[in-house]
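Enquirer: With the sequence up front, the predicted model follows.
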Amino acid sequence: MELDVGVIGAGTAGAAAALFLARAGHQVTVYEAVEDPRPVGAGIMIQPTGMSVLARLGLLGPVLERGARVERLFAATHAGRPVIDLAYADVDRRAFGLGLHRGVLFETLLGAVRAQARVRLELGVTIDGLRRDGDRRVVVDPAGEARGTHDLVVVADGARSQLRDDAGLTRRATQYPWGALWFIGEDPDGAFDGTLRQTLRGTREMLGLLPSGLGPTGEVRRVSLFWSIRADLVDAWRRGGLAPWKAHLEALEPRAAPVLAQIEDPSQVLFARYWDVVLRRWHEEGLVYLGDAAHATSPQLGQGANLALVDAMALADAIAGAPSVAEGLARYSRSRRDHLGYYQLATRALTPFFQSDHAWLGWLRDAFMGPACRLPYVRTRMIRTMCGLERGVLLADPLPLPTLPPG
């Protein structure tokens, strides 16, 4: 088949899907609501699964150049008791994570979209409606004007997707009561290289430091600082002044002092809210949902961008050689069921142990998670989960570790 495809949203899932489908010979139109997209956001983790997708797109090189290798995840209580200590190399010496400014991934993917001859990029165009035209889909702007008619529409407009909710496919689309404050600072000496470090006090306090590479511009290494906070307390935090907050965080984790010193105004600190999105199914006739629009989770397992990238690749693979769009979409949903199901379940189960008002969960975590990490079977499963490879709780085979560049 040679299809006319409409992609709604130029984020990770949308841009990657546009590239894969265009390179497979389809004509693609990408509709992006932002008129002048800029590289914004905080630090993210690209796992081996996500890196394998970028490699297939020929885009891993520039991302690696701007990212920071992460060899280890280490979390400890404020008193120094280890809670999580996982090294990628304990599963495979080739494995590693990549700390990255989200803007680097965005610019890399969008730049490739702009250069792709079979993709038409329409910026500043909001799509808030869909209607049928025979077996095709019409995308409609807020004025009710039809902007295009397509054989396949890919909805990848994020966790707040109104198009998803209007379709009646949503089983759950709720915001977590907790989120995180984010700041990306400079780390010229590479003091935070190699390790994603978290400091925990119960379930209400979590400070993280993620090496984040060079950022979209400049040649100074960056580090992302994140601080767990209830969403209903953010406004009070902004009114409360920086000095008490910075002093509290520095007492909790003295290593954070040089990063905190770079924060001079609350406007420098971003707030990220987390969603839990579950759909009854990921596709309808001529329509498919990818990325956060389909399965947003909290970032506890660091999988958001990676799952979106795998979605895009899996969609193109499912469409290739399918006798019809309907069969291609059915193949896609079957191929993603176990992988996405595992990470949705695991994230939902894990999040309250790190961000909640249930103090007793923090006690259980501190008492048992550290020893569990040292059990060979559990440790292997945890690292494979971190890599993005798991597909089931008990007997499911994991995805194979993709070929990665040498360290």
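Expert: That came in fine, so what should we check first?
Enquirer: mind listing the strands for the stretch 251-400 of the chain?
Expert: With DSSP state E, counting those that start in this stretch, the ranges of strands along the stretch 251-400 of the chain come out as 270-279, 283-284, 287-289.
Enquirer: could you pull out the helices for the chain?
Expert: All helices of the chain, identified by DSSP state H, fall at 12-23, 48-56, 60-66, 102-115, 162-166, 234-239, 242-252, 257-260, 292-295, 304-319, 325-350, 359-373, 376-387.
Enquirer: Which one, of these, ends up nearest to residue 191?
Expert: Closest to residue 191 of these, according to Cβ to Cβ: helix 257-260, at 7.3 Å. Quick note: C-beta positions are derived from backbone N, CA and C, even for glycine.
Enquirer: Buried ones in that closest one, by neighbour count?
Expert: 258, 259, 260 (16 or more other Cβ atoms under 10 Å).
Enquirer: Kindly report the same for stretch 324-332.
Expert: In stretch 324-332, counting by 16+ other Cβ under 10 Å, buried: 325, 328, 329, 331, 332.
Enquirer: Name the nearest of the residues you listed relative to residue 340.
Expert: Once Cβ to Cβ is applied, the member of the buried residues of stretch 324-332 that ends up nearest residue 340 is residue 332, at 11.0 Å.
Enquirer: With just CA atoms, put stretch 230-241 into CSV.
Expert: Output of stretch 230-241 as CSV, limited to C-alpha atoms (Å, rounded to 0.1, in the frame of the first residue of the first chain):
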residue,chain,number,x,y,z
ARG,A,230,2.4,17.6,45.1
ALA,A,231,0.7,19.5,42.3
ASP,A,232,-1.5,21.4,44.7
LEU,A,233,1.6,22.7,46.5
VAL,A,234,3.4,24.2,43.5
ASP,A,235,1.9,27.7,43.8
ALA,A,236,2.7,27.8,47.5
TRP,A,237,6.3,26.8,46.6
ARG,A,238,6.6,29.7,44.1
ARG,A,239,5.4,32.1,46.8
GLY,A,240,7.6,30.7,49.5
GLY,A,241,10.9,32.0,48.3
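Enquirer: Any idea how far it is from the middle of the chain?
Expert: With Cα atoms, centre = their mean, to the nearest Å as the basis, stretch 230-241 stands 25 Å off its chain's centre.
Enquirer: Please identify the most buried of the strands of the stretch 251-400 of the chain.
Expert: Of the strands of the stretch 251-400 of the chain, the one with the most neighbours on average (mean count of other Cβ atoms under 10 Å) is strand 287-289, at a mean of 25.
Enquirer: Compute the number of surrounding residues for residue 201.
Expert: The local packing of residue 201 (other Cβ atoms under 10 Å) involves 16 other residues.
Enquirer: ok, now residue 129?
Expert: Around residue 129 there are 17 residues (other Cβ under 10 Å).
Enquirer: pLDDT value on the closest residue to it other than its chain neighbours, please?
Expert: Using Cβ to Cβ, 6 or more residues apart in numbering and skipping the chain neighbours, the partner closest in space to residue 129 is residue 140 (3.7 Å). Confidence at residue 140, expressed as pLDDT, is 96.
Enquirer: quick one: residue 140 and residue 272, what's the gap?
Expert: Residue 140 is 30 Å from residue 272, where distance means Cβ to Cβ, to the nearest Å.
Enquirer: Please put the alpha-carbon coordinates of the helix or strand of the chain with the lowest mean pLDDT into CSV.
Expert: Counting by mean pLDDT, DSSP states H and E, the chain has its least confident helix or strand at helix 162-166, which shows a mean of 89. Extracted C-alpha coordinates of helix 162-166, given in CSV (Å, rounded to 0.1, in the frame of the first residue of the first chain):
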residue,chain,number,x,y,z
GLN,A,162,-8.8,15.8,23.4
LEU,A,163,-9.0,13.8,20.2
ARG,A,164,-8.5,10.6,22.2
ASP,A,165,-11.1,11.5,24.8
ASP,A,166,-13.6,12.5,22.1
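Enquirer: residues making contact with it?
Expert: 8, 127-130, 155, 157, 170, 173, 277, 279, 289, 293-294 (Cβ atoms under 8 Å, 6 or more residues apart in numbering).
Enquirer: would TSV of those residues with pLDDT and distance to residue 113 be doable?
Expert: Shown next, in TSV, are those (pLDDT from 0 to 100; distance: Cβ to Cβ, whole Å):
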residue	pLDDT	distance to residue 113
8	98	14
127	97	17
128	93	22
129	95	24
130	95	22
155	98	17
157	96	15
170	91	28
173	93	27
277	96	24
279	96	25
289	98	19
293	97	18
294	97	20
